[in-house]
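Participant: Here is my input, please return the structure:
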Amino acid sequence: QAQRPWRRTGLKPPVPAALGVLLALALLALARLPPSLDCSPHLPPASSPPGPRWEAATPLSGGQARSERSPMPPARLWQDQPPGRGRRRRQGVVGDAPLWFSNDDLQKMQLLASGRVVSKTRVPAHGQVLRVGLRAMGDAEGDASPASPEGDCREGRCGLIKRPGDLYEVLAFHLDRVLGLNRSLPAVARRFTSHLLPYSYTDGSLRPIIWWVPDLQHLEDANNDQNSCALGWLQYQEMLQPHGLTLVARDAPCSSIPRGEWSRLALFDFLLQVHDRLDRYCCGFQPDPSEPCVEEMLHEKCRNPAELVLVHILVRRSAPSRLVFIDNAGRPQHPEEKLNFRLLQGIDSFPAAAVATLRSGRLQSLLLESLRVDQELWESQGGAEGLRPLLRTIDRRARILLQYIQEHNLTVFGDSP
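Facilitator: Okay, the predicted model is just below:
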């Protein structure tokens, strides 16, 4: 009978244990081979969809916004998020921001949110407002030079700290950018700790800080310095006529403002119900007795339109044909039955991009996306759930405005920067 090979060679037959060792060595060798790209768990397949959009926060308990990430340092405005549709990366900015913010916006917002306070100045006739000089964190050249309030402001490094009750101005800034108007000034919410500020500014309350325009044009009249030009209601209505006279030559700043600017202002003020500019006398609705326009006996002047004047009509010396929207706190709680349609009087067209945004039905979601950039404001209001009632009010006013445009057969016009 033929013998087995290992007996002819004098070798001992393998035992089961030896076979197990050989199998283990083979498996170990396979495990050390690099994985192929097709099955790597760290790389998505080529057909994977882009990263998720930066959606609004989920409902928050206790009125506080919470993040899945670790707490954010106070100086940061933006969370790091994967870019998605409607976003773009900007070098030098933490995280991503919506497309409606320019690089200049983001730089100013970062300065307002984290800049070191180096000086303070009282604003005449505004007892609860402070103008502060700011230096960017890590600005070695700025840190080496002494603080100069006027010099810092000329260089665009100043902000206006307003009352806690004016936080609505921050939302107004975001609304302005979402609609593509680009006429209001950058604004963020911030808690201050600087020893240069009075205690009432450093007690932990959240305040809005608005970028200070270095070349805002004011009238020389001390009693009317909140305007770049003196404009009465009747003159304003005449300017809005398709072929009406603008103003006499001596009022050059106002005559240089095109009709489209007044359309942007009217749309913005209606959504926010800002009355102080176009209707400080409350002629467009029946005011409550506690309204300033009643207490200051301004409402009585509605009987004589010739006495009515516009306020906060401002332009920059560097751009005299472009309005600057200031003091945009508006009236978030103004009742719908008292909406002031006088703000729209004389306006026959509106900016196309803004109207398209209102018609899209996405105004609330766009505002949530925008407001989340400002983490201080976002968290103080309870995130998306806390902000929704306010945004629903603005969205409801937008629908009413669209209905007004349709009923009056008003048109839209192409936008300018």
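
Participant: A strand includes P320, no?
Facilitator: Yes. Using DSSP: H, G, I helix; E, B strand; the rest coil, the secondary structure at P320 is a strand.

Participant: mind checking the SS state of M109?
Facilitator: Of the three states, M109 takes helix under three-state DSSP.

Participant: show me what contacts it?
Facilitator: Contacts for M109 were tallied using CB atoms under 8 Å, 6 or more residues apart in numbering; they are L77, F101, P186, V188, V373, D374. Where C-beta positions appear, they are placed from N, C-alpha and C, glycine not excepted.

Participant: From those residues, which land in strands?
Facilitator: The members of the contacts of M109 that map onto strands under DSSP state E are V188.

Participant: Can you flag the buried ones in the contacts of M109?
Facilitator: Buried members of the contacts of M109, counted by 16 or more other CB atoms under 10 Å: L77, F101, P186, V188, V373, D374.

Participant: Could you pull up the residues touching the nearest residue to R183 once chain neighbours are set aside?
Facilitator: Leaving aside its sequence neighbours, R183 sits nearest to F325 (CB to CB, 6 or more residues apart in numbering; 4.7 Å). By CB under 8 Å, 6+ apart, F325 lies in contact with A172, D176, L181, R183, S184, L185, L265, F268.

Participant: and which of these is nearest Q235?
Facilitator: Lowest distance from Q235 to the contacts of F325 (CB to CB) belongs to L265, with 15.3 Å.

Participant: List the contacts of that closest one.
Facilitator: Counting by CB under 8 Å, 6+ apart, L265 makes contact with R183, R277, L278, L323, F325.

Participant: Pull the most distant pair out of these.
Facilitator: Within the contacts of L265, two members stand farthest from each other by CB to CB: R183 and L278, at 14.2 Å.

Participant: Neighbour count: the two, which is higher?
Facilitator: Neighbours per residue (other CB atoms under 10 Å) separate R183 from L278, with L278 holding more: 27 against 17.

Participant: Pull the number of nearby residues for the residue lying closest to that one once chain neighbours are set aside.
Facilitator: Leaving aside its sequence neighbours, L278 sits nearest to L343 (CB to CB, 6+ apart; 5.2 Å). By other CB under 10 Å, the residues close to L343 number 22.

Participant: do the same with P198
Facilitator: Neighbour count of P198, defined by other CB under 10 Å: 10.

Participant: middle-most residue in this protein, spatially?
Facilitator: H174 (2.7 Å; CA atoms, centre = their mean).

Participant: Identify the single longest strand in this protein, thanks.
Facilitator: Looking across the chain with DSSP E, the single longest strand is strand 126-135.

Participant: So which bits of that strand are buried?
Facilitator: Neighbour counts over strand 126-135 (16+ other CB under 10 Å) mark L130, R131, V132, G133, L134, R135 as buried.

Participant: Report the contact partners of the second one.
Facilitator: Contact partners of R131, counting by CB under 8 Å, 6+ apart, are K120, T121, R122, V123, P149, C153, C158, G159, L160, I161, W212.

Participant: For L130, which non-adjacent residue is closest in space?
Facilitator: Once flanking residues are discounted, L130 sits nearest to I161: 4.7 Å by CB to CB, 6+ apart.

Participant: got any ranges where this protein has weak pLDDT?
Facilitator: Scanning the chain for pLDDT under 70 picks out 1-95, 125, 139-145, 222-224, 243-253, 416-417.

Participant: List the neighbouring strands of the longest strand of the chain plus their orientation.
Facilitator: Sheet partners assigned to strand 126-135 using DSSP bridges are listed as strand 116-123 (antiparallel), strand 158-161 (antiparallel).

Participant: Packed most tightly, which of those strands would that be?
Facilitator: Comparing the strands paired with strand 126-135 by mean neighbour count (mean count of other CB atoms under 10 Å), strand 158-161 ranks first with a mean of 24.

Participant: next structured bit after that one?
Facilitator: helix 168-178 (DSSP states H and E).

Participant: which helices and strands does that following helix pack with?
Facilitator: Judged by 3 or more CB pairs under 8 Å, 6 or more residues apart in numbering; DSSP states H and E, helix 168-178 is in contact with strand 187-190, strand 207-211, helix 259-272, helix 363-371.

Participant: what's the angle between that helix and strand 207-211?
Facilitator: Relative orientation of helix 168-178 versus strand 207-211 (axes from the mean of the first three to the mean of the last three CA atoms, to 10 degrees): 50 degrees.

Participant: now helix 168-178, how far from the chain's geometric center?
Facilitator: Here helix 168-178 is found 5 Å from its chain centre; the criterion is CA atoms, centre = their mean, to the nearest Å.

Participant: Tell me which residues are up against it.
Facilitator: 98, 100-101, 105, 162, 182-189, 208, 210, 268, 271-272, 325, 327-330, 332, 357, 363, 366-367, 370-371, 374, 377, 390, 394.

Participant: and what of stretch 303-311?
Facilitator: By CB under 8 Å, 6+ apart, the surrounding residues in contact with stretch 303-311 are 226-227, 230-234, 236, 276-278, 280-281, 283, 301-302.

Participant: for it, the distance to its chain's centre please.
Facilitator: Remark: stretch 303-311 is offset 33 Å from the chain centroid, using CA atoms, centre = their mean.

Participant: Kindly check the end-to-end length of that stretch for me.
Facilitator: Across stretch 303-311, the terminal residues are separated by 19 Å (CA to CA, to the nearest Å).

Participant: Quick check: buried residues in it?
Facilitator: Here stretch 303-311 shows L308, V309, L310 as buried, counting by 16+ other CB under 10 Å.

Participant: what's the answer for stretch 330-343, then?
Facilitator: Buried residues in stretch 330-343, defined by neighbour count with 16+ other CB under 10 Å: G330, H334, L339, N340, R342, L343.
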